[in-house]
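A.B. asks: here is my input; please provide its structure:
(chains A and B)
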Protein chains: 2
Amino acid sequence: MQKKASLFIFIFLLGLSQVFGQEVPKELENIISPQVNPDQTVTFRFFAPKADSVHLTADFLPPIKVMSRFGLVDGPGKTSLTKDKNGLWTYTSKPLASELYSYAFVVDGIKMADPNSPYALRNGASLTNIFIVGKGVGDVYKTNDVPHGTVVHGWYSSTGLNMSRRVTIYTPAGYEQSSEKYPVLYLLHGAGGDEESWSAHGRAIQILDNLIAQGKVKPMIVVMPNGNVIQDAGYGYGRDGFYKPEFLLPRSMNGEYEAHFMDIVNYVEKNFRVKANKANRAIAGLSMGGFHTMHISRFYPNTFDYVGLFSAAIMPREDATGKVYNQLDQSLKTQKDNGLKLYWIAIGKDDFLYKANVDFRKKLDEIGLKYTYVETEEGHIWKNWRIYLTLFAPQLFK
Amino acid sequence: MQKKASLFIFIFLLGLSQVFGQEVPKELENIISPQVNPDQTVTFRFFAPKADSVHLTADFLPPIKVMSRFGLVDGPGKTSLTKDKNGLWTYTSKPLASELYSYAFVVDGIKMADPNSPYALRNGASLTNIFIVGKGVGDVYKTNDVPHGTVVHGWYSSTGLNMSRRVTIYTPAGYEQSSEKYPVLYLLHGAGGDEESWSAHGRAIQILDNLIAQGKVKPMIVVMPNGNVIQDAGYGYGRDGFYKPEFLLPRSMNGEYEAHFMDIVNYVEKNFRVKANKANRAIAGLSMGGFHTMHISRFYPNTFDYVGLFSAAIMPREDATGKVYNQLDQSLKTQKDNGLKLYWIAIGKDDFLYKANVDFRKKLDEIGLKYTYVETEEGHIWKNWRIYLTLFAPQLFK
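C.D. replies: Prediction:
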């Protein structure tokens, strides 16, 4: 009797996943998609007997030109899946280099996430599936069996912006057990992002865990704040609830963020065991976050010994009206005169901000502020920003 | 010139969201879905000119019977959207009671997440969209403009299970600024869940923030561990990478979890400022987590003054072979004799575990262990577990 009841419950619990989970025909139950094969090819599967066409759109396929407001640009590539007699659509890629990739399906013209994989990241207003191919840089983006840091989602009081604001903070493995003080890297996101971007798309937690475990990066605290001054938190986490994401939020590049950045630094230095001095502070950011990084580091010109500009949007902007943006050349000169250990600039050859970065380096040359310059393939993409973090972090606090 | 360059970038950045985000026709760009209207109705929109049918499946629609392995059960309801001449499908609900709801679309028979909303939770192997209707209990599930606690994703060393395991910990607003010690609630998930379930589906962070701000709940630390002993972390967070979720993982109810639960308690009491005594420890769990809670609290019979069983799966199980399950009646009697302040049992009238809970209460009556019993409408659903948390938490540590 006892045995029977137990079996019944076991079957019931299994049944629940079918009933309250996805509505699936039997054939779909065991579908694995995506499947990373031993030869580094990847198989995608989608069950849709009634569909006339199923395409895969993915960032590892040859890019296709897409019309945008300013002409043709590269968009993610697209290919067709093949339907078998049961209605199962399949596509297997060529062997892929180790990386974190993203994809979605397009079913009879409608883009949708893969119903067999819950691993998706927000991309604008929609969700895009992700997977990792290992045996290379992709391994650095995986959660491996190494000591793990702690991830804290805290709220700091921004007196400048008059609100409590959410921030993501990584403390390295061993932080809780030690009484040591740690150096701090402030890591800023781009337009369309928030305090979740570097830990989600950027895999910053895994990168730090793995590179620290390998002895390549010094144990450090990494602070990932929200750079959109009108938000108290990223989409879905704040007081504005669930609303449709926009790309570039108003007031994000008008000087308010830079002017009140010390609210974040003060919170971190008050609540975490940090070495609160210039030699132990680094700041880096991608795209809009590179713009913020450049301006914050020169507006507080004796605060950061390490500065990283990743595909930085260092462009004159008509909404950049804040007093932060006054006396650009003079403050860069002050920053140089105060001395710093690393001014690191990286950009992809195809980045639409390439020319802006050429111009900015020319300005630094004129001022005499020495920088390290790294040029990579491709353009304004997360693949590059993850790589830049793996290159930048090992140079800090040494 | 400066103005021109700035304008160019602004247009470019806007353009990027279209190009690298979703591929959208102009008509789709401004679609809002779901839209909670002032009269508590909710409008759903989906653009699909080529689709023959678009249905909404949602937990607020009248449930429909679904065949499962053990007969007909209630599944989420389903209704059709209506297509207009532009190919935009629309449905507006009747006014809905305040709650957190979930839904998905079924397009020509294929279930998919709403492409206009990135707010989705993993449900088994797929993603289900969510939204909140306010002006009632739903307001307690929102991030409101109140002091916020901190959410920590840490890793504890489980010597018993021989691995480092991820755990979610909530510390209440003011924790960082004070030197006080806090009481602790251990809050356990059900089968199919992990250390993210109570903060995601359960909205535990928002519930605690809001009820503490209202003065209804005492500031406390809430520990949300992972109850699947074969996992080091939930799907996508651990060393097993991105793989397809299963419902009930092996060894989750065989006694190993309960036997090594003190690894979690030790980590918490070592790394957080807690009142480490019985009067300041509570434990509660839903479904499988209720099973765990019952067994943990009697196996360590002088450890927790507060016990909460939410739709608990208190059933004999054939895989429950661990020594933890020996001498059930005797250890419950010991737990009673040691004294405790609250033994709280809640279940819905339609729960498939209703009878099991009747039997268990009979056992407690025989033993003389006094409990508080709460019976609600409906069955084995998150709506009930969120409500149970709002009822249980105010009774703790007073």
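
A.B. asks: quick one: low-confidence parts of chain A?
C.D. replies: Applying pLDDT under 70 to chain A flags residues A:1-29, A:68-73.

A.B. asks: for the residue of the stretch 101-250 of chain A at minimum distance from chain B, give its distance to residue B:118.
C.D. replies: With CB to the nearest CB as the measure, residue A:124 is the residue of the stretch 101-250 of chain A nearest to chain B, at 3.0 Å. Glycine gets a C-beta too; all of them are placed from N, C-alpha and C. Applying CB to CB, to the nearest Å, the value for residue A:124 to residue B:118 is 8 Å.

A.B. asks: overlap in contacts, those two.
C.D. replies: Jointly contacting residue A:124 and residue B:118 under the rule CB atoms under 8 Å, 6 or more residues apart in numbering or on different chains are residue A:245.

A.B. asks: pick out whichever of these two has more residues nearby.
C.D. replies: Between residue A:124 and residue B:118, residue B:118 has the larger neighbour count (other CB atoms under 10 Å in any protein chain shown), namely 23 against 19.

A.B. asks: leaving out the residues flanking it, which one is nearest to that one?
C.D. replies: residue A:122 (4.2 Å; CB to CB, 6 or more residues apart in numbering or on different chains).

A.B. asks: isn't the one you found right next to residue B:115, touching?
C.D. replies: No: Residue A:122 is not in contact with residue B:115 according to CB atoms under 8 Å; the separation is 11.9 Å.

A.B. asks: what about the helices in the stretch 1-150 of chain A?
C.D. replies: Along the stretch 1-150 of chain A, counting by DSSP state H, counting those that start in this stretch, helices occupy A:2-20.

A.B. asks: now do the strands in it.
C.D. replies: A:35-36, A:42-47, A:54-58, A:64-68, A:71-75, A:77-80, A:82-83, A:88-92, A:99-107, A:110-112, A:120-123, A:126-133, A:150-158 (DSSP state E, counting those that start in this stretch).

A.B. asks: just the ones you listed: most buried one?
C.D. replies: With neighbours defined by mean count of other CB atoms under 10 Å in any protein chain shown, none of the strands of the stretch 1-150 of chain A is more surrounded on average than strand A:126-133, at a mean of 24.

A.B. asks: what about stretch A:167-185, near chain B?
C.D. replies: Yes: counting by CB under 8 Å from any CB of the partner chain, chain B has neighbours in stretch A:167-185: A:173, A:176.

A.B. asks: quote the end-to-end distance of that stretch.
C.D. replies: 13 Å (CA to CA, to the nearest Å).

A.B. asks: and that stretch, how far out from the chain's middle?
C.D. replies: Relative to its parent chain, stretch A:167-185 has a centroid offset of 20 Å by CA atoms, centre = their mean, to the nearest Å.

A.B. asks: may I see the buried residues of it?
C.D. replies: Within stretch A:167-185, the residues that count as buried by 16 or more other CB atoms under 10 Å in any protein chain shown are A:167-173, A:175-176, A:182-185.

A.B. asks: got it, and stretch A:248-255?
C.D. replies: Buried residues in stretch A:248-255 (16+ other CB under 10 Å): A:248-249, A:252-255.

A.B. asks: what's next to that stretch, contact-wise?
C.D. replies: The contact list for stretch A:248-255, computed with CB under 8 Å, 6+ apart, reads A:191-192, A:227-231, A:288, A:291-292, A:295, A:313, A:317, A:319-325, B:10, B:13-14.

A.B. asks: which of those are buried, as a PyMOL select command?
C.D. replies: A single PyMOL command selects the buried members of those (16+ other CB under 10 Å):
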select buried, (chain A and resi 191+192+227+228+229+231+288+291+292+295+313+317+320+322+324+325) or (chain B and resi 10+13+14)
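
A.B. asks: what's the most distant pair in the buried residues of stretch A:167-185?
C.D. replies: Using CB to CB, the two most remote members of these are A:167 and A:173, lying 20.3 Å apart.

A.B. asks: my guess is residue A:182 contacts residue A:268, does it?
C.D. replies: No: using CB under 8 Å, residue A:182 is not in contact with residue A:268, being 10.4 Å away.

A.B. asks: can you list residues touching both of the two?
C.D. replies: The contact sets of residue A:182 and residue A:268 overlap at A:221, A:274 (CB under 8 Å, 6+ apart).

A.B. asks: domains of chain A?
C.D. replies: A:21-134, A:141-395 (automatic domain parsing).

A.B. asks: can you redo these as a markdown table with distance to residue B:46?
C.D. replies: Formatted as a markdown table, the domains of chain A follow (distance: least, CB to CB, whole Å):
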| stretch | distance to residue B:46 |
| --- | --- |
| domain A:21-134 | 9 |
| domain A:141-395 | 14 |
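
A.B. asks: which of those sits closest to residue B:109?
C.D. replies: domain A:21-134 (5.6 Å).

A.B. asks: roughly how far is the closest one from the heart of the chain?
C.D. replies: Worked out by CA atoms, centre = their mean, domain A:21-134 lies 21 Å from the chain centre.

A.B. asks: what of stretch A:309-316?
C.D. replies: Worked out by CA atoms, centre = their mean, stretch A:309-316 lies 16 Å from the chain centre.

A.B. asks: all the strands of the stretch 251-398 of chain A, residue numbers only.
C.D. replies: Using DSSP E, counting those that start in this stretch, strands in the stretch 251-398 of chain A cover A:281-286, A:306-310, A:342-348, A:372-376.

A.B. asks: now tabulate those in JSON lines and tack on distance to residue A:83.
C.D. replies: As requested, those are exported to JSON lines (distance: least, CB to CB, whole Å):
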{"stretch": "strand A:281-286", "distance to residue A:83": "40"}
{"stretch": "strand A:306-310", "distance to residue A:83": "42"}
{"stretch": "strand A:342-348", "distance to residue A:83": "37"}
{"stretch": "strand A:372-376", "distance to residue A:83": "39"}
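
A.B. asks: ok, which of these comes nearest residue A:364?
C.D. replies: Of the strands of the stretch 251-398 of chain A, the one closest to residue A:364 (CB to CB) turns out to be strand A:342-348, at 7.5 Å.

A.B. asks: touching chain B at all, the closest one?
C.D. replies: No: judged by CB under 8 Å from any CB, strand A:342-348 and chain B are separated, with a smallest distance of 14.3 Å.

A.B. asks: so which residues make contact with that strand?
C.D. replies: A:284, A:305-312, A:353-354, A:357, A:360-361, A:364, A:369-381, A:384, A:388, A:391-392, A:395-396.

A.B. asks: quick one: residue A:272 from residue B:150, how far?
C.D. replies: 11 Å.

A.B. asks: what do you get for residue A:104?
C.D. replies: In terms of CB to CB, residue A:104 sits 34 Å off from residue B:150.

A.B. asks: how deep is residue A:233 tucked in, by neighbour count?
C.D. replies: Neighbour count of residue A:233, defined by other CB under 10 Å: 23.

A.B. asks: do the one 4 residues further on as well
C.D. replies: If you count neighbours by other CB under 10 Å, residue A:237 ends up with 21.

A.B. asks: now residue A:361
C.D. replies: By other CB under 10 Å, 17 other residues sit near residue A:361.

A.B. asks: isn't it right up against residue A:372?
C.D. replies: No: between residue A:361 and residue A:372 there is no contact under CB under 8 Å: 10.9 Å.

A.B. asks: all set now, cheers.
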